[in-house]
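>>> Sharing a sequence plus its predicted fold:
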Amino acid sequence: MTAQHTISWNSLTGTTGQCSGGRRAGTLATVQPTSVTGNAPRIALIGPGAVGATIAALIHEAGRPVALYGRTARASLDVRPEDRDPIVVPGPVRTDPDAADGPVDVVLLAVKDTQNEAAAGWLARLCDDRTVVCALQNGVEQVERVGRYCPDATVVPAAVWVSAETDPRGWVRVRTDARLVLPDTAAAARLADVLGTDRLRVDLDPDFPSAAWHKLLVNAVVGLMVLTGRRAGMFRRDDVAALSRRYLAECLAVARADGATLPDSVIDDIVGMLAAGPADITTSMLTDREAHRALEWDIRNGVIARKGARYGVATPISDIVVPLLAAAGDGPG
């Protein structure tokens with residue numbers, strides 16, 4: 001039987017979403033879908049791109065309204081999972097931060113790290129000391145990088161596992177099931193009660209730093225797709241797979257120096273996952289390069305070199321990959 005929970009937001013704040021390194025006692029907990037009773041928490045999404053729209057759609061489908069904020073005005077969001085009917089999230093998508101209806105209980109921040117500063121106006125209007133901001137972003141530095149724009153709110157980082165992409169015709173194609181991994185804190189647990197649905201799995205991990213680094217290793221190696229202009233099918237090449245394993249070994253050494261407790265097998269697991277999946281699976285940074293947008297090269301790849309230098313871990317592959325990604329994103333030329 002699925003447990004039903006009544007959600008109270010009175011004691012939500014006061015617990016940060018940042019966890020210390022190392023594996024703590026306990027096991028990964030999957031939060032069961034909830035029944036929200038009483039005063040339902042107010043939820044806002046900043047950044048209705050592929051990931052943001054997907055998460056908003058799954059929450060809306062479960063009967064929880066989501067207010068939408070972004071750069072482009074739209075009447076609604078059209079999200080199309082491959083295995084079932086489309087989901088239409090009613091709008092509008094509001095574009096003026098000064099008109100944001102806040103503060104709210106939960107902010108889903110789904111803009112790229114390169115867009116955090118541009119989202120500051122919305123965060124200022126939507127957040128207060130009772131607000132929990134779920135950072136649906138890449139990297140392992142979300143708490144500090146997002147927290148500077150909402151200092152009174154509680155920031156909970158999330159490792160997001162979903163393949164979704166925006167179709168040029170204006171809708172979002174969802175290729176896989178969606179899963180969020182959050183730290184095992186009181187704030188994250190209450191957040192998970194709101195976000196978890198039959199279609200959106202939410203796990204609480206007592207060793208969240210390792211979970212975040214696991215996702216970052218994936219994000220780092222798919223940066224090679226940005227340099228080649230190819231999708232995931234490229235990992236079926238033996239030479240690319242071999243290079244990817246060497247790069248991941250370098251990233252894993254840095255992750256462990258930073259406190260992650262990931263096994264050696266994660267390297268083959270990631271390369272195997274990429275090689276076995278659909279050949280046309282893309283990554284958001286490749287999509288951004290194709291659209292001539294700013295790239296998240298620093299938080300996905302540069303962080304390996306930065307932290308490697310801090311811990312005295314050699315990063316020879318990063319020393320080649322990072323300047324090339326930086327040039328691809330920032331120029332000149």
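Happy to help now that I have it. In this text, all values refer to a predicted model and were calculated from it rather than measured experimentally.
>>> from here on, contacts and neighbour counts on C-alpha atoms
Will do.
>>> ok, which stretches of the stretch 201-333 of the chain are helices?
Taking DSSP state H, counting those that start in this stretch as the test, the helices found in the stretch 201-333 of the chain are 208-221, 223-228, 238-257, 266-276, 284-290, 297, 303-311, 318-330.
>>> Highest mean neighbour count out of those helices?
Sort the helices of the stretch 201-333 of the chain by mean neighbour count, taking mean count of other Cα atoms under 10 Å, and helix 297 sits at the top with a mean of 26.
>>> Domain ranges for the protein, per the record?
In terms of domains, the chain is parsed into 36-206, 211-330 (source: automatic domain parsing).
>>> Could I get the full set of strands for the stretch 101-250 of the chain?
Listed in chain order, the strands of the stretch 101-250 of the chain (DSSP state E, counting those that start in this stretch) span 106-109, 132-135, 154-157, 159-161, 164-166, 172-174, 178-183, 200-205.
>>> pLDDT of the second one, averaged?
Taken as a whole, strand 132-135 has an average pLDDT of 99.
>>> Sheet-wise, list the partners of it with their directions.
strand 106-109 (parallel), strand 154-157 (parallel) (DSSP bridges).
>>> Keeping just the C-alphas, turn the last one into CSV.
Extracted in CSV, the C-alpha atoms of strand 154-157 (Å, rounded to 0.1, in the frame of the first residue of the first chain):
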residue,chain,number,x,y,z
THR,A,154,16.9,26.9,1.7
VAL,A,155,18.6,25.5,-1.4
VAL,A,156,18.2,21.8,-2.0
PRO,A,157,20.4,20.4,-4.8
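>>> distance between it and the chain's centre?
How far strand 154-157 lies from its chain's middle: 12 Å, per Cα atoms, centre = their mean, to the nearest Å.
>>> before we move on, what about the first one?
For strand 106-109, the gap between its own C-alpha mean and the chain's C-alpha mean amounts to 12 Å (Cα atoms, centre = their mean).
>>> Mind exporting the C-alpha coordinates of it to PDB?
What follows is strand 106-109, C-alpha atoms only, in PDB (Å, rounded to 0.1, in the frame of the first residue of the first chain):
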ATOM      1  CA  VAL A 106       8.700  25.800  -3.500                       C
ATOM      2  CA  VAL A 107      10.800  27.100  -6.300                       C
ATOM      3  CA  LEU A 108      11.900  24.700  -9.000                       C
ATOM      4  CA  LEU A 109      15.000  26.400 -10.500                       C
END
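>>> what's next to stretch 235-243, contact-wise?
Defining contact as Cα atoms under 8 Å, 6 or more residues apart in numbering, one finds that stretch 235-243 is touched by 234, 271, 274-276.
>>> Could you save those as a markdown table and add columns showing pLDDT and distance to Gly52?
Shown next, in a markdown table, are the contacts of stretch 235-243 (pLDDT from 0 to 100; distance: Cα to Cα, whole Å):
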| residue | pLDDT | distance to Gly52 |
| --- | --- | --- |
| Met234 | 99 | 27 |
| Val271 | 99 | 26 |
| Leu274 | 98 | 23 |
| Ala275 | 98 | 26 |
| Ala276 | 97 | 26 |
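>>> Quickly name whichever of those is closest to Ser163.
Leu274 (11.9 Å; Cα to Cα).
>>> separation between the closest one and Val143?
28 Å (Cα to Cα, to the nearest Å).
>>> Next: Arg42.
Counting by Cα to Cα, the gap from Arg42 to Val143 is 22 Å.
>>> higher neighbour count, those two?
Val143 (20 against 17; other Cα atoms under 10 Å).
>>> That one reaches Pro157, doesn't it?
Yes - Val143 lies in contact with Pro157 (Cα atoms under 8 Å); the separation is 6.3 Å.
>>> Just the helices from the stretch 51-200 of the chain, written as ranges.
Using DSSP H, counting those that start in this stretch, helices in the stretch 51-200 of the chain cover 120-126, 142-147, 186-195.
>>> Go through those and name the closest to Met225.
helix 142-147 (23.6 Å).
>>> That closest one: how far from the chain's middle?
13 Å.
>>> Can you tell me what sits against that helix?
17-18, 113, 116, 135, 153-157.
>>> Identify each buried residue in that helix, please.
Neighbour counts over helix 142-147 (16 or more other Cα atoms under 10 Å) mark 142-143, 145-147 as buried.
>>> Just want to check the distance between Val88 and Asp193.
The value you get for Val88 to Asp193, if Cα to Cα is used, is 23 Å.
>>> Looking at those two, which has the bigger crowd around it?
Of the pair Val88 and Asp193, Asp193 is the one with more neighbours under other Cα under 10 Å, namely 21 against 17.
>>> Next, format the helices of the stretch 51-200 of the chain as CSV and append distance to Pro168 and mean pLDDT.
Shown next, in CSV, are those (distance: least, Cα to Cα, whole Å; pLDDT from 0 to 100):
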stretch, distance to Pro168, mean pLDDT
helix 120-126, 26, 98
helix 142-147, 29, 98
helix 186-195, 28, 96
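>>> Reformat the ones you listed as CSV; add distance to Gly259.
Output for these, formatted as CSV (distance: least, Cα to Cα, whole Å):
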stretch, distance to Gly259
helix 120-126, 30
helix 142-147, 16
helix 186-195, 21
